[in-house]
Every structure is written in structure tokens, then in C-alpha cells.
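Undergrad: Generate coordinates for the sequence data below:
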Amino acid sequence: MKKAFWNLCKVSPVVLAAAFFAANSAVAAEVNEQVTNVAQLSEAQDSNDIGQVTSVSQFSDVQPTDWAFQALQSLVERYGCIAGYPNSTYRGNRALTRYEFAAGLNSCLDRVNELIATATADLVTKQDLATLQRLQEEFSAELATLRGRVDGLEARTAELEANQFSTTTKLVGEAIFNVSDVFGGDRAVAAGNSNQNLNSNTTFSDRVRLNLYSSFTGKDQLQIRLNANNTISNAGVSGTNMTRLGFDGDNGNSVVIDKINYAFNFSNALRVKVDASGGELYENVNTFNPDFASSGKGAISRFGRFSPIYRQGQGGAGVTVTLNPGGPISLSGAYLARTANNPTLNNGLLEGDNAIFGQLSFQPTKAFNIGLTYARTYQTSNVNNTVNNNLFQGTGSVFANNPFGNNTATESNNYGVEATFQFSPKLAISGWGGYTTADARSGANAGADADIWYWAGALALRDFGGEGNVLGVIFGQPPRVTGGSIKNVATNVNLDDSTSYHLEGLYKFKVSDNIQVTPGLLVIFNPEHNDANDTEYVGTLRTTFTF
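TA: A predicted model of the protein is given here:
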């Protein structure tokens, strides 16, 4: 560094401090220019915005004992040429490059010119003007380069504005390629002994989702999702929903809009989400199973993703409200109706299948979270022109999902407790338990009731074998009818007579930021809660692309 720079340190600490300030300002401004025209990046902008201050005491990290305190104070009082970050810090100890220093110098020159033009030149000493002149000569090359960078950045910004997808919307996609197969002896049956071999072929299937996320205020979000898939449920081969994959579904790879919702902040403590179509409780509230909840990057099985209590009202329309006053406690409430768009008898927003949901979450630390959950559901048994109730949306035994038979209106009260505990950033356990009481309100079994239990635990080893990889194990009991008057009916006495166990192992391997490969094995002991059934296995190799 040439002599002029060291003279600056001795002669004019005011100008030196100004350069340190403006260097921060220039870098932040450059970041802002790059992100202001891209939707959903307001958070990056907020962290770099710099605001003018009127007193050096406004900086939480600047003390009167600091060596540059007087210089910073003088900049405020004499020049008004200083600013800080939104969190009331100045960050005066950070390193800076010659380009950053040149940017700071340029900013101070502009401020001095403003003072001179407004007849306040007496605030600028002759000594400072001489120093600034020498600095301008010293950094003339850097200043020229900086101007060139700014011109180039302006050109790039203009190009982004002209060619961007939307000023309010971004497109996020996910594609799953999956190879899987079911193995075992005989096909599972609900009671007695099976007499049919489990004949399954290896399948290759896919699921593609395109999400359009729009924001109009920076604190709201409109989601429209397009979906196409051809992953047929393997329950038809295995004889039980317990072998289902977490991402199955088949619409012949026809592109459909399967989800529309809008979320916004009613206040700083209140978040509201309105689902017009495809509402899912597990997407609206905390499920306390962060490593395995995602269908594309979580557990390979349907049951292993989260507690079945979050499947109540699945696919409905309604509203979810979350109250979080800023402490460790938050409260969520929701109402979803699965036939809200159907105006016929026993359908619509209030008369058809519906779920009323509430959850109290206690999160004293990031390492420990616990939730208490309740859901009351009513099913009329005629959703989508079918006649089957489905209390847990295809998790658990057939008897647990439809204990009272077809053409039976059913009410249920569901109680759950869920928890997550992180021993360290790389080791986490989670689990859930649930109890359901179901009552038949119509049909041949009107007045009958059923008691249903389920539970599971999961272990996640993060960064196992490499950064971003996760080794996971999930073990539990899918929903099972354990009691109630329905068990005393002659045709039901042998149903859910023993206990099924779900064991799942998977390894999420991060190939890149956009590609994940997950081999996994699912083992179901005593399928359909029938110990006469053979153990069944599901091998899966899932590859997930995100873009």
C-alpha cells in the first residue's frame, strides 16, 4: 500500500472510518441488486439492508473504548456519512479488499460534494479535502474498475428483469424415479391362513411435481401444484396397506392440479392457511419427524413418514390457523372438509366428511420438541363415490381403517403425542403414539365402537458417511383394533388378533444439492395383525431430483 494510505491513517481517521463503513455498504448494495428481482429472496435482502443512523451509540458493537470511536462519532456529527445493519451492528472488525475501500472512498466523495453543493463546505476541513484528493488519485484504477462492475451488474439486472419467469412467482420441481419389489411367502389376509402365493414383479415408476409459489407482500404465499405419477400401490399384491410406499399414487402420468392454497400472516403471531384443494394437515403443522416426513426425501414407507393422526381430513378444503406469540408454545387449529365442493346431500363444507384438528406444541429448545394432538373426524362413507371408510388413509390394517363395514357413517376421536429429541446435530430420535375411539352412527353396526392404537419410533444419524447423508431406522406398530364392542361381533373376533410390527431401514445418500438416492428395506412382521401371515419385505431404490 502506498504512502498516501498510511498518511490517511495518521491525518484523517474520519475519512478512514468512512471508507470502512461504505465498503460494507457497497458490498450489501451489490448483493441487493442481484436479488431484488427474484421472487422469494426477500430474506437475503433484509439481512443486508443498511440504514442511516443519527448517533454512534445506536451501534451495539461499538464502545467508547474502541480505537475508532471518535472517528465514527465525528462522521455522524460532521458529515452524516455512516450507517449500520438492521440488527444495530456496525461490524467494524471485518476485513475489506481494495475494491471495497475504493467503494467507501467513492461514497464519501459523493457526500463531500453534497455538502459543498449545499453551502456547508465549512464542515469539510482543508486537510480532509487534500487527503481525499490523494486517495482518489491512489485508488483511481480501483474506482474505475468498480464503476465497470456496477455497469455490468446493472446490465445483468436488466436482463433478469426482462427474462425472469415472474416478478412474484418461482417454480420449484421434484421428480422421483423408483425401483421396488415386494417379497414374501403367501399373500397377507386379514384372518386365518392365506392360500395364495405372493407373486410380485419388480416395478419402475415415477412421480413428478411442479410447485408454483407466489408472494404478493413478501409475507404471504400462494401455492399451486401440478402432479403426475404412475406409482401403483403394492397393497394389491401384498394383501395389506402396511407395505405401501410413502409416495405411491397413480393417475396414469396425467398432469393434474392437485393442490391450491394461500397462506398469510394475520399478525406477527398469527399465521393463516386456506386450502382450496388438496389440504393436508401434515403440510400445515409440525409433525415432529423432520428427517422422515417428506414423501420425496423422507421415509420410504407410508406409515414411517409421521403419525397417522396427521392424515385426518386428507385431501380436503378448509383453513389452518397457527398462533405463536414468540415463546416456546404454539397452538394450531384446523378444519378440513373432503367434499367441500360437492353440493349434494351429506356433502359440502359442513355436512360431508370433515376433520376438526388441534395441536399444542412445546418447543423449549431446538433440540427438544413435543406435541399434544387431537382430531375429531366424521366420515359418511361416500367420498369420491366409494362406500369405504378410511380412518387412517391406508395406514394400518384393513379392519382398523374400516371397522364397521361399508355404508356406515363413522365418528372418531383421535389423540396423539409426538416428540423429537436431538442428542447432537448429527443424532436425533423421534416418535409418536396414538389412540383412537371410533363409533358407528349408521348401518348394520350402528352403536358399535372400536378402540385403535398405534406407535412408532425413529432414529436418524445425520452426515453418516458424508455431509448431507442420513442413515435411518424406523420401528413401530401400525394402527390396530385392540378392543371395543365391534370385536365381539362374530365375524370380527379373529381380526387384528395378533400384532404387526413395522421395521424400516434406509440410507439417504446426497449425490449433489439437487439429487438424492435412497435405498431402503421395509419389513412387515405378522401383516394385517395376523401371525398366520408370512413376513413381507419391500425393497426400494428411490432417486429424487429437485430443481
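Undergrad: how about stretch 273-289 as PDB, C-alpha atoms only?
TA: Provided in PDB are the C-alpha atoms of stretch 273-289 (Å, rounded to 0.1, in the frame of the first residue of the first chain):
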ATOM      1  CA  LYS A 273     -53.500 -21.000   5.600                       C
ATOM      2  CA  VAL A 274     -56.600 -21.500   3.400                       C
ATOM      3  CA  ASP A 275     -56.700 -24.800   1.400                       C
ATOM      4  CA  ALA A 276     -59.000 -24.700  -1.600                       C
ATOM      5  CA  SER A 277     -58.000 -28.100  -2.700                       C
ATOM      6  CA  GLY A 278     -55.700 -31.000  -1.600                       C
ATOM      7  CA  GLY A 279     -55.300 -29.800   2.000                       C
ATOM      8  CA  GLU A 280     -53.100 -31.900   4.200                       C
ATOM      9  CA  LEU A 281     -52.600 -31.400   8.000                       C
ATOM     10  CA  TYR A 282     -49.100 -32.800   7.800                       C
ATOM     11  CA  GLU A 283     -48.100 -30.000   5.500                       C
ATOM     12  CA  ASN A 284     -49.700 -27.300   7.700                       C
ATOM     13  CA  VAL A 285     -48.400 -28.200  11.100                       C
ATOM     14  CA  ASN A 286     -45.300 -29.700  12.800                       C
ATOM     15  CA  THR A 287     -45.300 -33.500  12.600                       C
ATOM     16  CA  PHE A 288     -42.200 -33.900  14.800                       C
ATOM     17  CA  ASN A 289     -40.400 -36.200  12.400                       C
END
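Undergrad: Please state the offset of it from the chain centre?
TA: 11 Å (C-alpha atoms, centre = their mean, to the nearest Å).
Undergrad: which parts of that stretch are buried?
TA: 273-275, 277-289 (16 or more other C-beta atoms under 10 Å). Where C-beta positions appear, they are placed from N, C-alpha and C, glycine not excepted.
Undergrad: How about stretch 218-229?
TA: 221, 222, 223, 224, 225, 226, 227, 228, 229.
Undergrad: Give me the helices and strands touching the strand or helix carrying residue 115, please.
TA: Element membership for residue 115 (DSSP states H and E) is helix 98-117. The contact analysis (3 or more C-beta pairs under 8 Å, 6 or more residues apart in numbering; DSSP states H and E) places helix 98-117 against helix 13-35, helix 126-138, helix 140-163.
Undergrad: and the gap between the spatially most central residue of the chain and residue 355?
TA: Closest to where the C-alpha atoms of the chain average out (C-alpha atoms, centre = their mean) is residue 283, at 8.2 Å. Per C-beta to C-beta, to the nearest Å, residue 283 is found 14 Å from residue 355.
Undergrad: swap in residue 164?
TA: 39 Å.
Undergrad: Which one of those two is surrounded by more residues?
TA: Counted by other C-beta atoms under 10 Å, residue 164 and residue 355 do not tie: residue 355 has more neighbours, with 25 against 13.
Undergrad: who touches that one in this structure?
TA: 281, 312, 313, 316, 334, 335, 336, 337, 375, 376, 377, 378 (C-beta atoms under 8 Å, 6 or more residues apart in numbering).
Undergrad: So which of the residues you listed sit within helices?
TA: residue 281 (DSSP state H).
Undergrad: List the ones among the contacts of residue 355 that fall in strands.
TA: 316, 334, 335, 336, 337, 375, 376, 377, 378 (DSSP state E).
Undergrad: Report the separation between the last one and residue 313.
TA: Going from residue 378 to residue 313 by C-beta to C-beta gives 10 Å.
Undergrad: more neighbours, those two?
TA: More crowded of residue 378 and residue 313, by other C-beta under 10 Å: residue 313, with 27 against 17.
Undergrad: I'd guessed the more buried one sits against residue 339; true?
TA: No. Using C-beta atoms under 8 Å as the test, residue 313 is too far from residue 339 to be in contact (11.0 Å).
Undergrad: which residues are in contact with both of those two?
TA: Contacts common to residue 313 and residue 339, judged by C-beta under 8 Å, 6+ apart, are residue 353.
Undergrad: Run through this protein and note the low-pLDDT ranges.
TA: The chain contains residues with pLDDT under 70 at 1-53, 77-83, 104-105, 116-126, 381-388.
Undergrad: Which stretches in it count as helices?
TA: 3-11, 13-35, 42-48, 69-74, 98-117, 126-138, 140-163, 235-238, 281-284, 348-351, 398-401.
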